[in-house]
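Enquirer: pasting the sequence and the predicted model now:
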Amino acid sequence: MERLDTSAETFRRAAEACGPPHSQLFWQLAGATADLRTRIEADPTQITPLRKLIFFFIPKMSELCTRWTGLAAMNPLTAPDPRALDDFQSYLSLIRAAEQSCLSQQYDGLHASMAAMEQQMARHGS
């Protein structure tokens with residue numbers, strides 16, 4: 001659970017370091033991560049099918065958001081790439097899908113989404 005707490009805090013710091021619309025999305029990522037933590041805390045058996053998401057994907061996503069805010073701050077006169085917002089939105093969709101998987105205890109769709117996310121991160125060299 002510490003990984004989820006740390007990742008939620010990293011998303012919060014990223015939100016504080018930039019302006020809208022990215023900051024709004026980073027706040028949502030922090031909230032979704034906290035919500036997922038609550039679901040898993042209520043039923044610890046959920047951690048097993050979500051292990052890769054919890055220990056790899058969410059920490060990596062929060063790290064990438066922080067890196068993005070640092071790079072954006074280095075060049076404040078350039079408009080942010082809208083594709084980055086789409087990528088961050090896909091992070092939120094994946095975390096919300098994990099929360100729904102906890103409720104339904106159906107993980108096949110989530111695992112397919114994680115495979116797609118893995119390919120996306122590989123394209124970006126993450």
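Expert: On my side now, so go ahead.
Enquirer: and the pLDDT at residue 87?
Expert: The score at residue 87 is 88. That number is its pLDDT.
Enquirer: brain fart, residue 55
Expert: Residue 55 is given a pLDDT of 94.
Enquirer: can I assume it is in contact with residue 3?
Expert: Yes - counting by C-beta atoms under 8 Å, residue 55 touches residue 3, with 5.8 Å between them. Placement of C-beta: from N, CA and C, glycine included.
Enquirer: higher neighbour count, those two?
Expert: Looking at residue 55 and residue 3 with other C-beta atoms under 10 Å, you find the greater number of neighbours at residue 3, namely 16 against 13.
Enquirer: just checking, next helix/strand downstream of the strand or helix carrying that one?
Expert: Assigning secondary structure by DSSP states H and E places residue 3 in helix 2-16. Note on helix 2-16: by DSSP H and E, the next helix or strand toward the C-terminus is helix 22-42.
Enquirer: what mean pLDDT does that next one get?
Expert: Across helix 22-42, the average pLDDT comes to 95.
Enquirer: next, the buried residues of that helix.
Expert: Going by neighbour count (16 or more other C-beta atoms under 10 Å), the buried part of helix 22-42 is 22, 25-30, 32-37, 39-40.
Enquirer: format the CA atom coordinates belonging to that helix as CSV.
Expert: The C-alpha coordinates for helix 22-42 follow below in CSV (Å, rounded to 0.1, in the frame of the first residue of the first chain):
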residue,chain,number,x,y,z
HIS,A,22,-2.6,19.0,-16.8
SER,A,23,-2.9,19.9,-13.1
GLN,A,24,-6.6,18.9,-13.0
LEU,A,25,-5.7,15.5,-14.6
PHE,A,26,-2.9,15.0,-12.1
TRP,A,27,-5.2,15.7,-9.2
GLN,A,28,-7.6,13.1,-10.7
LEU,A,29,-4.8,10.6,-10.9
ALA,A,30,-3.9,11.2,-7.3
GLY,A,31,-7.6,10.7,-6.3
ALA,A,32,-8.0,7.6,-8.4
THR,A,33,-4.8,6.1,-6.9
ALA,A,34,-6.1,6.8,-3.4
ASP,A,35,-9.5,5.3,-4.3
LEU,A,36,-7.8,2.1,-5.6
ARG,A,37,-5.8,1.9,-2.4
THR,A,38,-9.1,2.0,-0.4
ARG,A,39,-10.6,-0.8,-2.5
ILE,A,40,-7.6,-3.0,-2.0
GLU,A,41,-7.4,-2.2,1.7
ALA,A,42,-11.0,-3.3,2.0
